[in-house]
Structure formats: structure tokens, C-alpha cells
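1. structure, please.
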Amino acid sequence: MRCREFFYLQWSCTIRLVCLIGVFVSVYALPVNAQSRDKELNAEYPDKQYVNLLKQASQSSLRGDRLAQADQQQRIGLLLYHEGNYAAGIRYLLLAQSLLRQAKQTDRLAANLNELGTVYYYNRQAGLARRQFNEALTIYRRTGSRQGLAQTYGNIGHLYEKEGDLPTALHYQRLALTQYRGINQPAGLAAIYENLGSIYEDQNRYDSARAYYRAALAVVPKADWNSQIGLINNLGDIHRKTGHYQQALAYYRQCARQSRHVADKYQLNGAYRDLGKTFQLLQQHDSAYHYFEASHDLTDTIYAAETNRQIALMQTLYDVERKNNQITELNARQQLNTLITGGTVAGLLLVGGLAVVIISRQRLKIRAEAARSQQAAQIYQTQRELMQAELTNKQLSEENLRYQLQLNGQQLTSHTLHLIQKNQVLDELRADLTTLLNDDKRDQRRQLKQVVQKIGQSFSHDKNWDDFRATFDQVHPQFLADLTSQYPTLTSAERRLAALLRMNMTSGDTATLLGISADSLRVSRYRLRKKLGLAEGESLTAFMQRL
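-> Below is the predicted model:
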């Protein structure tokens, strides 16, 4: 049962520790050139340090001191990076890089490139990290800085190690070691020894790894307690991995003592965890449980402290960003108000000048407008009188036309009645003469027959048709012309019948005017309907009225 509790506790501790890896693992994984800066930036109150650095950067900007401003921007970037805010750290390091490029400070620019490359790497942007390291390497080769070359070689080798390319990583670390051996830089030399030991440990070459860890421990400065504890822990890992558990425990205990002495909770937590692993391998589960429990409690403490630090820093970042936005907004409003005030004054002056010009011109315009209005009124009166006269003329013309139309209608009616009366008289004469022809007197019969023939010829004579048509066309213009164009096969007798139908004459008057009998009129109407294409039952007189 205790074994199950032990493994459950170990798994719980592992999960909790993963949450902290992203925050503080970079401190121990960085090459030594960054670790010296880390101690300064890893303050107890990063939010206060952030605000102080911002103030210093602002003051440097006001003084026009680009180098100081670049240094403070760089320190802010590294502070944010070590608090886990990689994106914000990159932004400030890029600001520092821009200032250093403007100031043409090549060595400081190369150092900033190394810092920026490290942050890019932990932000999982290995390509951008390698680009920064390569540019820094180019600068240091041009300037001949052996320390800069050593640091950059170490960073590149560390990058290849984390990517799993151990032979290339080993090559660059050896290049860095060559550079450090030519200068008096114990801290840098110790870091390269440690990097070489880490590579050999990854290759399971534990003897070489142990030798380099010991070499690093021998040259590391005594004041650099962080590196000393890390190297002691690494030696304990080598003994644990090679089965020398008692030696490993001795190293881990030494690591724990020194961590407690300097109050380094991170290193102490790692020592407790490694002690628990070693006792687990020795099957001493009580001791393993004890150290895992201590690591668990320490992890909670570290996690709470880190959470509070990050919350405070995030709140500070938010407050600063909000204040900057407010300041920017206020400046924009002030500029806008200044522009509005200046524009208003200029506008008032312009309006005043324009008002004087407009008033003077308006007076002239009013006078001219009055003159034009008077002239327009006169023109309007004249046009009105002309239009009235024209309207009177049109009314007289229309009355004249109506009178002429009425007169023509009367003439047409009179002419038609005259024809009817004439034909009626002729018809009566023809009837009387026909009666005389029925007598037995031969001499009179021949002469009377001639008279009857002359009267019959007068019925079919067209001498009065032209006069009738001229008068008819004045009353019903275009009727006969349209009838002829639409029905060209009509005879002159059929056209005369159509004209009489248009006048709405009775059948008796129509037969008399045409000099034919009622039966002949019915036959003529039937033939006309057929030529016009009228349907059965459709009124011929109504058709002529519509046409």
C-alpha cells in the first residue's frame, strides 16, 4: 500500500513540477554569459523592477542617451523573459537592438543578439534564434572579440544540443573552449566545461561527462553559488546513472546543504527530488517518500510564489500599458484640441474677412437683383399681354373653324336633301312616264321611252359626286382616303354607299340618292360587307362610324 502511495506521490510531484519548468528552467539551461545578468534580473519583486526600468528608460530617452536607453530596454526584455513572458521580452530586446544599430555599437549589438537568440529559442523559434547567433558571430569575427566568439560559439552549440545534433554541438563547444582558454574568463570556461559534460552525458559517455563537470567545478568562481550547486547536482546525476548510489546521495546532500545555506528553493527542490529518485532505486521507500514529500511541499511553495510574482508582473504590465494608452490618448486629444483651437481662430478671422467682402457684394447684388426684378416684371407683363392676345386669336380661330365646319355640315345636308328631292322628282316622273308607256298609243310610246332613258341616265351620272365629295371631305376629313387605302378593291358606287352610311342616312334616303331600289340597296350592302370582311351580325353602319 505504501508503495502505491509512493508512486502516486511521485507522479503528482512530476505533474506539478512541469508547470514550473517553463518559468525557471531557462535560468539553469542558459550559457554562463546570460546567467550573470539573470541574478540581477531575478529580483524578489519583478513588477517594481519593471516599473523602475521603465522610468529609467524614459529618462534616458528624454536626455537623448540612446546607449543607456538600449541597456534599460535590454534589461526589461530579459526580466520579462525570465518571468515567462517571452513575447514581451522579445519586443523589448528588439527595441534595444534598433537603438544599438542606430548608435553603431557593434559589440553591444552582438551581445544583444545573443540574448535575443536565447529568448527566441525558448519561445520555440529556433530558426530566428540561429539567425541572431549567426549575425553576432559575424560581428565578433570582424571585431576579433575572443570573449564574444566564445559566448556565441557556446550559444550555437547549446542550440544544436537541444535540437539533438550532438556532434555539431560538441564541435561548437570545443570552438568556444579554445577561445576561453586564450583569455582569463573562469566563469565562461566553467560554463563550456559544463556544456561539454552535458553533451557527453547525453551520449552516455559518463566518464568524460564526469571529468568535464569536475573541471568546471574546479574553475567556477566561488561567488557563483548557483553554478556550483548545479555542477554538484550534475555529478550526483552521473553517479546515479552509473549505479553508484551512495556517491550520488553524498553529492545530492551536499547540493541540498548549500541550497539551504543560500536559500535557493529551486536548487533545493531539485536536490530533494534527486534524493527521492536515488532512495527509490535503493528500494528505501520510506526515505524516498520523505524526500518526494519534501519536494512536493517545496514545489507548492515555489509555485505559489512564482504565481504571485507573475500575477503582480502581469498586473503591472497591464497598468503600464493602460497608462501608456491613456497618455497617448490624452496627447492625441491635446494635439486635436490645439489644432481645433488654431483652426477655429483662423476660421473666425477668415469668416470676418469674408463677411466684409460678402456684405459689400451682397449690397451690389441686391441692387442689381432689384433692377433685374423690375426688368423681369416688365418682360413678364409684356409676355402676358402677348400670350393673352395669342389666346384670343386661337379662340377666334377655333370659333371660325367650328363655324366653317357647321356651315359645311349644313351645306352637305342641304346638298344631300337637294339630291334626294331631285331624285324623288325624277323617280316620280319615271313612274308617270312608265305608266304612259303602258298605253297603246304607238307614237307617244317611242318618244316617252326616250325620255325615260334620259331620266335613267341622270340617275347614274356622277356630275354631282365631286361637289358632294368636296363638301363631305371637309366634314369628315381623310375618311374616303383611308377607306380607299385600306380597301383598294372598292368601286366608286361602294365608296358613295360608305359615305352615306358614315352620314348615318336611312336606307330609303340612301336608295333614293343612289337611284336604286331597296332590294338593290340590300345587295349593295351585302357586297360591301363581304369586301370589308365583316363577320355575320356585325353592323355595317357602326363599322363606318368607327372608321
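2. tell me the contacts of residue 179?
-> Contacts for residue 179 were tallied using C-beta atoms under 8 Å, 6 or more residues apart in numbering; they are 146-147, 149-150, 153. For the C-beta atoms, the positions are set from N, CA and C on the backbone; glycine is no exception.
3. kindly state the pLDDT recorded for it?
-> Per-residue confidence (pLDDT) for residue 179: 88.
4. how about it, nearest residue that isn't a chain neighbour?
-> Counting by C-beta to C-beta, 6 or more residues apart in numbering, the nearest residue to residue 179 once its immediate chain neighbours are dropped is residue 150, at 3.6 Å.
5. check what pLDDT the one you found gets.
-> Predicted confidence (pLDDT) for residue 150: 88.
6. could you do residue 39 as well?
-> At residue 39, pLDDT is 43.
7. picking that back up, of the contacts of residue 179 - the most surrounded one?
-> residue 150 (28 neighbours; other C-beta atoms under 10 Å).
8. list the contacts of that one.
-> 176-177, 179-180, 183, 185, 188, 192.
9. hang on, the earlier thing: mind checking which of the contacts of residue 179 are in helices?
-> Of the positions in those, 146-147, 149-150, 153 sit in helices, assigned by DSSP state H.
10. mind putting the residues you listed into TSV with distance to residue 170?
-> Shown next, in TSV, are the ones in helices among the contacts of residue 179 (distance: C-beta to C-beta, whole Å):
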residue	distance to residue 170
146	20
147	21
149	17
150	15
153	11
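11. nearest to residue 100, of the residues you listed?
-> Set against residue 100, the nearest of the ones in helices among the contacts of residue 179 by C-beta to C-beta is residue 147 (17.7 Å).
12. where's the closest one relative to residue 154, distance?
-> Between residue 147 and residue 154 the distance is 11 Å, computed by C-beta to C-beta, to the nearest Å.
13. which neighbours do the two have in common?
-> The overlap between the contact sets of residue 147 and residue 154 (C-beta under 8 Å, 6+ apart) consists of residue 188.
14. break the chain into its domains for me.
-> Following automatic domain parsing, one finds the domains of the chain at 2-237, 476-546.
15. worst average pLDDT in those?
-> domain 2-237 has the lowest average pLDDT among the domains of the chain, namely a mean of 80.
16. residue 342 and residue 335, how far apart?
-> Going from residue 342 to residue 335 by C-beta to C-beta gives 11 Å.
17. returning to what we had before: now, of the contacts of residue 150, which are buried?
-> Buried subset of the contacts of residue 150 (neighbour count, 16 or more other C-beta atoms under 10 Å): 176-177, 179-180, 185, 188, 192.
18. where does residue 204 sit: helix, strand or coil?
-> The three-state label given to residue 204 by DSSP: H, G, I helix; E, B strand; the rest coil is coil.
19. could you report the distance from it to residue 196?
-> Taking C-beta to C-beta, one finds residue 204 at 15 Å from residue 196.
20. between those two, which is the more surrounded one?
-> For residue 204 against residue 196, the residue with the higher neighbour count under other C-beta under 10 Å is residue 196, and the figures read 26 against 9.
21. spit out the contact partners of the more buried one.
-> By C-beta under 8 Å, 6+ apart, the neighbours of residue 196 are 170, 173-174, 177, 208, 212.
22. go again with 7 Å.
-> Taking C-beta atoms under 7 Å, 6 or more residues apart in numbering, we find residue 196 in contact with 173, 212.
23. can you point out the helix or strand that includes residue 110?
-> In this structure, residue 110 sits in helix 106-122 according to DSSP states H and E.
24. so which elements touch that helix?
-> For helix 106-122, the contact count by 3 or more C-beta pairs under 7 Å, 6 or more residues apart in numbering; DSSP states H and E identifies helix 32-41, helix 66-82, helix 86-103, helix 126-143, helix 146-163 as packing neighbours.
25. buried residues of the helix or strand that the first one is followed by, list them for me.
-> The element immediately downstream of helix 32-41 (helix or strand, assigned by DSSP H and E) is helix 46-63. When burial is assessed from 16+ other C-beta under 10 Å, helix 46-63 yields the following buried residues: 46-47, 49-50, 53-54, 56-57, 60.
26. mind putting those into CSV with distance to residue 497?
-> Listed next are the buried residues of helix 46-63 as CSV, based on distance: C-beta to C-beta, whole Å:
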residue, distance to residue 497
46, 122
47, 120
49, 124
50, 119
53, 121
54, 117
56, 123
57, 118
60, 121
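27. between those residues, which is closest to residue 504?
-> Nearest to residue 504 among the buried residues of helix 46-63, counting by C-beta to C-beta, is residue 54 at 111.7 Å.
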